[in-house]
Structure formats: C-alpha cells, structure tokens
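>>> Would you be able to build a 3D model of this:
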Amino acid sequence: MTAINKLLDKTKGDRWIWLIIILLSLISILTVYSATGTYAYKTGKTVEKILLTKHLIFVVMGIGMIYIAHLLDYKYYAGISKVLMIITIPLLFYTAVFGANINDASRWVKIPLIGLTFQTSDLAKIALITFLARMLTKKQENIKDVRKAFIPIMGSVCAVFVLIAWANLSTAIMLFGVSILLLIIGRISIKQISMVCAGGAILLLFIVFLGPRAATYKSRVNSFLHPELQHSDKTYQADQSKIALATGGVFGKGPGNSTQRNFLPHPYSDFIFAIIVEEYGLMGAMTVMLLYLVLLYRCVRIVTQSPKAFGALLAAGLSFSLTIQAFANMAVAVGLGPVTGVPLPLVSMGGTSMIFTSIAFGIILSVSRDVEEQGSKKVIVGEIPAMA
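Residues are numbered from 1 along each chain as shown. Now for the predicted structure:
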C-alpha cells in the first residue's frame with residue numbers, strides 16, 4: 001500500500017481525466033473480452049488467452065505510457081516534434097509504397113524480428129499536432145506573413161494529409177479538420193484558411209476518384225446514401241451494427257450476452273461501440289458518450305488556463321483529435337456516417353492505436369500538471385505578503 005500511495009503522490013494533472021482513463025480502460029477490457037469470441041475461435045485460442053496475452057498487456061502498457069508522458073515537461077515536446085516530423089514523412093511515404101497490405105490498404109509497416117504491424121498514421125497524428133502547436137507558437141509575430149508562417153505550416157499539413165489519405169482517408173480527413181481548428185486558434189487569417197480548405201477539397205476529390213482505393217470509397221459513400229439500392233454484402237457491417245443497436249434496448253442484454261459479435265467483422269475494434277450498446281443498452285452508450293464529453297470539457301479548461309500558447313495549442317489539438325475520433329467511431333456504429341476504419345480511443349483493441357492514444361493523454365496531463373504547478377506558485381506568492 002505504501003508503494004501505491006507513493007505512486008499516487010507522483011501522479012499529477014487533472015484528476016477527472018485520470019478517472020476517465022481508468023473507466024474507459026475498464027470498459028475496454030470488459031467489452032473486448034466479450035467481443036473476441038469469434039476471433040478466438042478462428043485463431044484457435046481461448047478468449048482469456050487473447051485478452052491476457054494481447055489486449056490486457058497493451059492496456060497496462062498504455063497506462064504506463066500515460067504516466068511516463070505526463071511526468072515529462074510538455075515544453076520538451078516542442079523539440080521532440082521536430083524529430084518526429086523528420087521521421088514521420090519518410091515513414092508515411094514508405095508505408096504508402098511498401099507497407100503491409102491488410103484489408104486492401106497499405107497502412108501498416110511490419111516491425112522486424114518481432115513480426116508485429118505498426119500503423120504509421122497513429123504516429124503521424126502525434127507528430128503533426130505537436131509540430132503545428134510548436135510552429136504556430138513560434139510564428140506568432142509573423143503569423144499573417146504567407147512566406148514566413150503560412151507556407152511552412154501548411155507544407156507539413158498537406159504532406160501528412162496526402163500521404164495518409166492515399167490509404168486511410170477517414171483518418172486523414174479528421175487530422176486535417178483538427179489542423180484547421182488549430183490554425184483558427186493560432187490566429188491564421190480566415191482568408192488563408194479558406195484557401196487551405198479549398199485546396200484540401202481538391203485533393204480529397206482527386207484521392208476519392210483517382211486514388212488506389214477509389215472504388216472502396218465510392219462504394220461506402222453510395223452504400224451510406226442509398227442503402228436500399230445496394231446489395232446486402234455492401235451494407236453488411238452497417239446492417240449487423242444496426243441489429244446490435246436495435247436489440248440492446250435501454251439496459252442491454254448484459255455483459256457477455258452479445259449475439260452480433262458473431263456476425264460483425266470487427267466487433268472488438270471498429271464496431272466495438274455497437275457491442276457496448278447491445279450489451280449495456282442506451283445507458284451504457286450514454287455513459288461512454290458522457291465520458292468523452294467530460295474529457296473535452298476538462299481539456300478546454302486546461303486550454304483556457306494554460307499560461308503558455310504552446311501548452312494551450314498542444315492540449316487543444318490532442319483533445320480535439322481524441323474526441324472527434326471517438327464521435328466519428330460512434331457515428332459510424334449508429335449509422336450516421338459511412339463505414340470507416342477508425343477505432344474508439346482507449347476502448348478498441350489495437351496495439352499502436354492504444355499506445356499512441358495513451359501518449360496523447362499523457363501529453364494533455366503534462367500540460368494540466370504545469371497548469372496546476374503554476375497555480376500553486378501563484379497561491380504561494382500571493383500568501384507571502386499576508387504572512388509577512
């Protein structure tokens with residue numbers, strides 16, 4: 001108990017965010033345990049073995065990464081962002097050309113020796129957001145200057161967008177949207193942002209109609225807009241997800257009683273929210289949504305209280321990224337958007353997704369820790385005259 005108390009004493013940052021992390025991790029363990037039955041059968045393993053040897057390890061590693069990342073002063077991430085961008089751009093290009101092709105998409109790179117796959121877009125999210133926060137802070141004196149500020153900043157955004165969109169359009173669009181929000185907060189002119197959006201729309205149309213996955217993208221959009229005109233195999237995932245939602249009711253079937261886990265292709269990752277609704281009902285769905293909304297609210301508080309522009313932009317970018325991704329995943333599960341491969345942050349089963357999501361949480365908590373420390377210093381300094 002003494003060791004645990006010492007560890008808790010070293011845990012800093014917003015307590016509400018720590019609570020959300022713990023609750024989402026518990027929800028993840030329970031739901032993944034329930035949703036991996038068919039996957040276990042196909043791989044010839046038990047559900048317990050998959051949970052203990054794969055998912056639970058990554059959950060524990062993720063919490064460890066959060067703890068380590070939140071202890072590091074967030075200002076160091078400004079320097080780290082330069083290194084990450086230097087690594088990320090070539091790595092994304094390598095992934096697009098030579099990456100492992102899984103489900104008709106080259107999004108992964110195989111890690112030598114250990115044989116695991118690594119989704120490079122997860123690294124790109126952290127790299128681009130931290131780099132943008134650094135550049136927007138550094139260029140504030142010349143923020144309206146096209147040559148000194150706009151072109152260097154947008155060069156990185158466009159490069160990452162194109163390289164990710166080639167194989168993972170949904171992630172690229174969300175990251176582009178987060179980048180636009182950061183540009184607005186960072187005081188880039190609306191005229192320049194409008195030009196960026198127009199350019200992004202042109203790139204998007206080019207990739208949708210002429211990219212290597214053009215047929216997949218068009219099929220998914222058509223299936224979403226006109227489900228009655230499509231063959232059953234085109235809307236299979238969405239249909240099975242809707243069945244899970246319809247049978248969940250208010251309080252759900254109960255933990256472990258899902259039937260749609262046997263029919264959904266990815267019930268433990270892309271469509272894990274459908275399993276949550278089926279087993280825990282409307283109340284479970286509302287609880288998960290509330291957790292992400294509270295996360296956004298607490299992060300906005302950190303942004304408004306941060307004394308430094310870099311910390312505010314960093315927390316804003318990462319929190320927008322996490323919450324937009326979460327609600328995009330839930331929107332797909334309930335039929336409010338075309339099928340994508342976006343996981344539910346800190347809930348879906350996935351190695352690199354879990355690790356980099358945890359790092360994002362850790363960086364947000366690092367900014368929160370600095371806000372707390374700055375507030376404590378102000379209180380102490382304010383008390384000195386009274387004591388004197």
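
>>> Now do the buried residues in stretch 141-152.
For stretch 141-152, a neighbour-count test (16 or more other Cβ atoms under 10 Å) marks 143, 149, 150 as buried. Heads up, the C-betas are built off the backbone N, CA and C, glycines and all.

>>> I'd assumed residue 187 was in contact with the last one.
No: between residue 150 and residue 187 no contact is recorded; they are 11.5 Å apart, counting by Cβ atoms under 8 Å.

>>> Please work out the average pLDDT along stretch 25-41.
Per-residue pLDDT values over stretch 25-41 give a mean of 86.

>>> now what about that stretch, what contacts it?
46-47, 49-51, 55-56, 59, 62-63, 255-256, 258, 261-262, 267-268, 272, 275-276, 279, 288, 346-349 (Cβ atoms under 8 Å, 6 or more residues apart in numbering).

>>> ditto for stretch 268-275
By Cβ under 8 Å, 6+ apart, stretch 268-275 touches 31-32, 34-36, 39, 237, 240-241, 244-245, 258, 260-261, 264-265, 267, 285, 288, 329-330, 332-334, 339-344, 347-350.

>>> C-alpha coordinates for stretch 342-355, CSV please?
The C-alpha coordinates for stretch 342-355 follow below in CSV (Å, rounded to 0.1, in the frame of the first residue of the first chain):
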residue,chain,number,x,y,z
VAL,A,342,-11.4,4.4,-37.1
PRO,A,343,-11.1,2.8,-33.6
LEU,A,344,-12.7,4.1,-30.4
PRO,A,345,-9.9,5.8,-28.4
LEU,A,346,-8.7,3.8,-25.4
VAL,A,347,-11.5,1.3,-25.9
SER,A,348,-11.0,-0.6,-29.1
MET,A,349,-8.5,-3.4,-29.2
GLY,A,350,-5.3,-2.4,-31.1
GLY,A,351,-1.7,-2.2,-30.3
THR,A,352,-0.3,1.0,-31.9
SER,A,353,-3.6,2.8,-31.5
MET,A,354,-3.7,2.1,-27.8
ILE,A,355,-0.1,3.2,-27.3
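
>>> now that stretch: how far from the chain's centre is it?
Computed by Cα atoms, centre = their mean, to the nearest Å, the chain-centroid distance of stretch 342-355 equals 8 Å.

>>> Report the buried residues of it.
The neighbour-count check on stretch 342-355 (16+ other Cβ under 10 Å) flags 342-355 as buried.

>>> what residue ranges in the stretch 151-300 of the chain are flagged as low confidence?
Residues of the stretch 151-300 of the chain that meet the criterion pLDDT under 70 lie in 212, 227-234.

>>> give me that answer again for 90
Applying pLDDT under 90 to the stretch 151-300 of the chain picks out residues 151-159, 161-170, 186-242, 249, 256-258, 261-270.

>>> which residues of it fall in helices?
When assigned using DSSP state H, counting those that start in this stretch, the helices of the stretch 151-300 of the chain occupy the ranges 151-165, 169-185, 190-210, 214-225, 236-248, 272-305.

>>> Many thanks, have a good one.
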